[in-house]
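Student: All I have is the shape, not the residue letters:
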């Protein structure tokens, strides 16, 4: 693979990182599935958009790349957020929040986006969401009730209110545009006997809200997987049962491929190979497994599946962790074959991933050990040419998102 070197602002160390490691030539590390990509549901409209914008979800939109780092899970209030406007990686700049990002005991961040705002989610002890609206230059803090352990997981904006999920709460928190608490959305009716709903990732489509439920028992193991669903009017809809347990990853939709299909990674049981990837038809409610983990030796499916991203063609890239706690970037291709793309990623650090429907790049944030020290790296992978541009970063990887924005 060819590789470029970016010239960044003074805040970053600029260097051409070593080539991404190649896999052993004598081991194929491939598996065949019955996966068939969807497509054709999104309207093919011939619209000429202004420069640096593209037609997406019914309008000409722009796209930025947002990256979040931490000083470490055990370093208090050490979160930092960087934005590359127009996905121009040579113009990465820090977005400064008026308050420190993180918690008093450490920092674990995630990111959520809406067309007009960015949300930084403080997880595991921080239990806070910080929202930023660029058009108004307004920062808003969303703070669920204090004094109890919540483990906030995700946030979403439906055009009128914020919704926040917390793994240890049996309802979704809601807030108005100013950050004031609003009535919660109860989840108790969605749980199974002997489980808590354990909400994680959120997804909003046309005002309709879906929340991935991990259905955790007393031993913290998942007893199944569901999507709790609410109509645009806030009314509860019937839950959607997933064929695999423990939905852990972001709920991914690429509208350049399909406006109706959602993809989610499911971890399954702890230390068992019974997870995989599920595709959900948001129109019919049908949920099907398109990839299953396996215990077969030398298979790229002998892994635990992590976060995923879906390309415009329907290829699915996902992070995977093997029994030796090595991380890999893998691809489920349109031909149904699973291949290992990059290996030797530090599995003890976050490996966030996202795909840009505008540039065709797959972004993934990894960490490697160089000269005995961890080095975090942002990778921009052109899925057509195979070129990778790698940018070293200070701090530990936390999250990244392609922010598809209103113009």
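Tutor: Happy to help now that I have it. Because the structure is a prediction, the values reported are computed rather than measured. Residues are numbered from 1 along each chain as shown.
Student: which ones are touching the most centrally placed residue in the chain?
Tutor: The chain has residue 250 as the residue nearest its centroid, 4.2 Å off, counting by Cα atoms, centre = their mean. Counting by Cβ atoms under 8 Å, 6 or more residues apart in numbering, residue 250 touches 154, 201, 264, 307, 308. To be clear about C-beta, it is placed using only N, CA and C from the backbone, and glycine gets the same treatment.
Student: show me the contacts for the second one.
Tutor: Counting by Cβ under 8 Å, 6+ apart, residue 201 touches 153, 154, 165, 211, 212, 247, 248, 249, 250, 251, 264.
Student: One more pass at 7 Å, please.
Tutor: Counting by Cβ atoms under 7 Å, 6 or more residues apart in numbering, residue 201 makes contact with 153, 154, 212, 247, 249, 250, 251.
Student: that older thread, dump the contacts of residue 250 into a markdown table; add pLDDT and secondary structure as well.
Tutor: Shown next, in a markdown table, are those (pLDDT from 0 to 100; DSSP: H, G, I helix; E, B strand; the rest coil):
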| residue | pLDDT | secondary structure |
| --- | --- | --- |
| 154 | 98 | strand |
| 201 | 98 | strand |
| 264 | 97 | strand |
| 307 | 96 | strand |
| 308 | 98 | strand |
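Student: of the residues you listed, closest to residue 337?
Tutor: Set against residue 337, the nearest of the contacts of residue 250 by Cβ to Cβ is residue 308 (16.1 Å).
Student: That closest one and residue 316 touch, don't they?
Tutor: Yes. Taking contacts as Cβ atoms under 7 Å, residue 308 lies within contact range of residue 316: 5.7 Å.
Student: okay, the two: which has more neighbours?
Tutor: Set side by side, residue 308 and residue 316 show more neighbours around residue 316, with 26 against 23, by other Cβ atoms under 10 Å.
Student: Distance check, the more buried one against residue 276.
Tutor: Distance from residue 316 to residue 276, counting by Cβ to Cβ, to the nearest Å: 11 Å.
Student: just residue 376 next, same as before
Tutor: To residue 276, residue 376 is 28 Å away according to Cβ to Cβ.
Student: same deal with residue 60?
Tutor: For residue 60, the distance to residue 276 (Cβ to Cβ) stands at 36 Å.
Student: who has more neighbours, those two?
Tutor: residue 276 (22 against 14).
Student: Please give me every residue in contact with the more buried one.
Tutor: 244, 266, 289, 291, 292, 293, 305.
Student: nearest to residue 357, of those residues?
Tutor: residue 291 (21.5 Å).
Student: mind checking which helix or strand that closest one is in?
Tutor: Assigned by DSSP states H and E, residue 291 belongs to strand 287-292.
Student: Across the sheet, point out what pairs with the closest residue to residue 230 other than its chain neighbours.
Tutor: Beyond its immediate neighbours in the sequence, the residue positioned closest to residue 230 (Cβ to Cβ, 6 or more residues apart in numbering) is residue 209, lying 4.4 Å away. Per DSSP bridges, the residues bridged to residue 209 are residue 204, residue 230.
Student: Run through the stretch 1-150 of the chain and note the low-pLDDT ranges.
Tutor: By pLDDT under 70, the weakly predicted segments of the stretch 1-150 of the chain are 1-28, 40-45.
Student: could I get the contacts of residue 276 as CSV with pLDDT?
Tutor: Shown next, in CSV, are the contacts of residue 276 (pLDDT from 0 to 100):
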residue, pLDDT
244, 97
266, 97
289, 97
291, 97
292, 97
293, 97
305, 96
